[in-house]
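In: any chance you can model this:
(one chain, ligands or ions: 1)
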Amino acid sequence: MPIISWDPKLATGDSVVDHQHKTLFQMVNELHDAITAGKAKEHLQKVLERLASYTLEHFAAEERLMGRSGYPGVAEHVRKHHDLAKKATDLIEGYRSGKLVLSLTLSQFLADWVRHHIAEEDQKMIAWIQTRPK
Ligand SMILES: [Fe+2]
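Out: Got it, this is the predicted structure:
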(Lines give C-alpha, C1' and ligand atoms only; values in the text may rest on other atoms or scores of the structure.)
Protein backbone atom coordinates (compact mmCIF):
# COMPACT_ATOMS: atom_id res chain seq x y z
CA MET A 1 0.00 0.00 0.00
CA PRO A 2 1.39 3.40 -0.90
CA ILE A 3 2.46 5.57 2.01
CA ILE A 4 2.01 8.77 0.05
CA SER A 5 -0.39 9.59 -2.75
CA TRP A 6 -0.61 12.60 -4.99
CA ASP A 7 -3.13 15.18 -3.94
CA PRO A 8 -4.10 17.87 -6.49
CA LYS A 9 -3.98 20.33 -3.59
CA LEU A 10 -0.21 19.89 -3.62
CA ALA A 11 0.15 21.13 -7.20
CA THR A 12 2.36 24.19 -7.46
CA GLY A 13 1.21 25.18 -10.95
CA ASP A 14 4.68 24.67 -12.42
CA SER A 15 4.40 21.57 -14.58
CA VAL A 16 8.09 20.63 -14.32
CA VAL A 17 8.18 20.95 -10.52
CA ASP A 18 4.86 19.08 -10.19
CA HIS A 19 6.13 16.28 -12.40
CA GLN A 20 9.28 15.96 -10.29
CA HIS A 21 7.21 15.92 -7.10
CA LYS A 22 5.05 13.11 -8.48
CA THR A 23 8.19 11.14 -9.33
CA LEU A 24 9.44 11.68 -5.77
CA PHE A 25 6.16 10.31 -4.43
CA GLN A 26 6.58 7.19 -6.57
CA MET A 27 10.12 6.71 -5.33
CA VAL A 28 9.15 7.15 -1.66
CA ASN A 29 6.44 4.52 -2.24
CA GLU A 30 8.93 2.22 -3.89
CA LEU A 31 11.23 2.51 -0.87
CA HIS A 32 8.30 1.98 1.49
CA ASP A 33 7.19 -1.14 -0.40
CA ALA A 34 10.72 -2.52 -0.44
CA ILE A 35 11.07 -2.04 3.34
CA THR A 36 7.62 -3.55 3.97
CA ALA A 37 8.44 -6.55 1.80
CA GLY A 38 11.71 -7.09 3.70
CA LYS A 39 13.81 -6.87 0.52
CA ALA A 40 17.50 -7.64 0.62
CA LYS A 41 19.91 -4.98 1.81
CA GLU A 42 21.50 -4.63 -1.62
CA HIS A 43 18.13 -3.87 -3.17
CA LEU A 44 17.10 -1.44 -0.43
CA GLN A 45 20.38 0.37 -0.72
CA LYS A 46 19.90 0.85 -4.47
CA VAL A 47 16.35 2.15 -4.02
CA LEU A 48 17.49 4.51 -1.27
CA GLU A 49 20.43 5.82 -3.29
CA ARG A 50 18.26 6.36 -6.35
CA LEU A 51 15.76 8.30 -4.27
CA ALA A 52 18.51 10.40 -2.70
CA SER A 53 20.12 11.28 -6.01
CA TYR A 54 16.79 12.16 -7.63
CA THR A 55 15.98 14.34 -4.63
CA LEU A 56 19.28 16.21 -5.02
CA GLU A 57 18.62 16.76 -8.74
CA HIS A 58 15.17 18.05 -7.92
CA PHE A 59 16.48 20.38 -5.20
CA ALA A 60 19.07 21.74 -7.63
CA ALA A 61 16.36 22.41 -10.22
CA GLU A 62 14.28 24.30 -7.66
CA GLU A 63 17.31 26.22 -6.49
CA ARG A 64 18.10 27.30 -10.09
CA LEU A 65 14.52 28.47 -10.44
CA MET A 66 14.74 30.50 -7.23
CA GLY A 67 18.12 31.91 -8.18
CA ARG A 68 16.90 33.04 -11.62
CA SER A 69 13.82 34.74 -10.26
CA GLY A 70 15.41 36.46 -7.27
CA TYR A 71 13.01 34.77 -4.85
CA PRO A 72 13.50 36.46 -1.45
CA GLY A 73 12.97 33.22 0.53
CA VAL A 74 15.79 31.40 -1.26
CA ALA A 75 18.23 31.17 1.69
CA GLU A 76 15.68 29.63 4.03
CA HIS A 77 14.41 27.25 1.35
CA VAL A 78 17.91 26.12 0.40
CA ARG A 79 18.72 25.57 4.09
CA LYS A 80 15.77 23.15 4.34
CA HIS A 81 17.00 21.30 1.25
CA HIS A 82 20.49 21.06 2.74
CA ASP A 83 19.17 19.76 6.08
CA LEU A 84 17.38 16.92 4.33
CA ALA A 85 20.31 16.21 2.01
CA LYS A 86 22.61 15.92 5.06
CA LYS A 87 20.17 13.55 6.79
CA ALA A 88 19.99 11.44 3.62
CA THR A 89 23.78 11.26 3.29
CA ASP A 90 24.17 10.23 6.95
CA LEU A 91 21.43 7.67 6.57
CA ILE A 92 22.91 6.08 3.46
CA GLU A 93 26.32 5.96 5.12
CA GLY A 94 24.87 4.49 8.31
CA TYR A 95 22.98 1.87 6.37
CA ARG A 96 25.93 0.99 4.17
CA SER A 97 28.21 0.53 7.17
CA GLY A 98 25.65 -1.57 9.04
CA LYS A 99 25.12 0.96 11.87
CA LEU A 100 21.53 1.56 10.84
CA VAL A 101 18.56 -0.50 9.79
CA LEU A 102 15.84 0.83 7.53
CA SER A 103 12.42 0.81 9.07
CA LEU A 104 9.01 2.10 8.14
CA THR A 105 9.79 5.11 10.33
CA LEU A 106 12.04 6.24 7.52
CA SER A 107 9.49 6.04 4.72
CA GLN A 108 6.94 7.68 7.01
CA PHE A 109 9.39 10.48 7.79
CA LEU A 110 10.15 11.02 4.09
CA ALA A 111 6.48 11.01 3.12
CA ASP A 112 5.69 13.58 5.82
CA TRP A 113 8.71 15.72 4.93
CA VAL A 114 7.93 15.83 1.20
CA ARG A 115 4.24 16.57 1.73
CA HIS A 116 4.98 19.27 4.28
CA HIS A 117 7.79 20.83 2.24
CA ILE A 118 5.64 21.07 -0.90
CA ALA A 119 2.70 22.55 0.97
CA GLU A 120 4.77 25.00 3.01
CA GLU A 121 7.75 25.95 0.87
CA ASP A 122 7.35 24.95 -2.76
CA GLN A 123 3.86 26.32 -3.24
CA LYS A 124 4.93 29.64 -1.71
CA MET A 125 7.98 29.81 -3.96
CA ILE A 126 6.13 29.02 -7.21
CA ALA A 127 3.26 31.35 -6.32
CA TRP A 128 5.78 34.17 -5.85
CA ILE A 129 7.58 33.38 -9.12
CA GLN A 130 4.36 33.17 -11.08
CA THR A 131 3.07 36.55 -9.93
CA ARG A 132 6.29 38.28 -10.98
CA PRO A 133 6.12 40.36 -14.13
CA LYS A 134 7.76 38.43 -16.96
FE1 LIG B 1 11.82 22.70 -2.23
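
In: contacts only, for Asp122.
Out: Applying CB atoms under 8 Å, 6 or more residues apart in numbering to Asp122 gives the contacts Thr12, Val17, His21, Glu62. Backbone N, C-alpha and C define where each C-beta goes, glycine included.

In: from these, which are also near the ion?
Out: Checking these against the ion by CB under 5 Å from the ion, the ones in range are Glu62.

In: most surrounded residue in the contacts of Asp122?
Out: Among the contacts of Asp122, Glu62 has the most neighbours (other CB atoms under 10 Å), with 25 neighbours.

In: per-residue pLDDT, that residue?
Out: Predicted confidence (pLDDT) at Glu62: the value is 97.

In: helices along the protein, start to end?
Out: Here the chain has its helices, by DSSP state H, at 15-36, 41-69, 74-96, 104-117, 123-131.

In: doesn't Ala37 make contact with Leu104?
Out: No - here Leu104 does not reach Ala37: they are 11.4 Å apart, not a contact under CB atoms under 8 Å.
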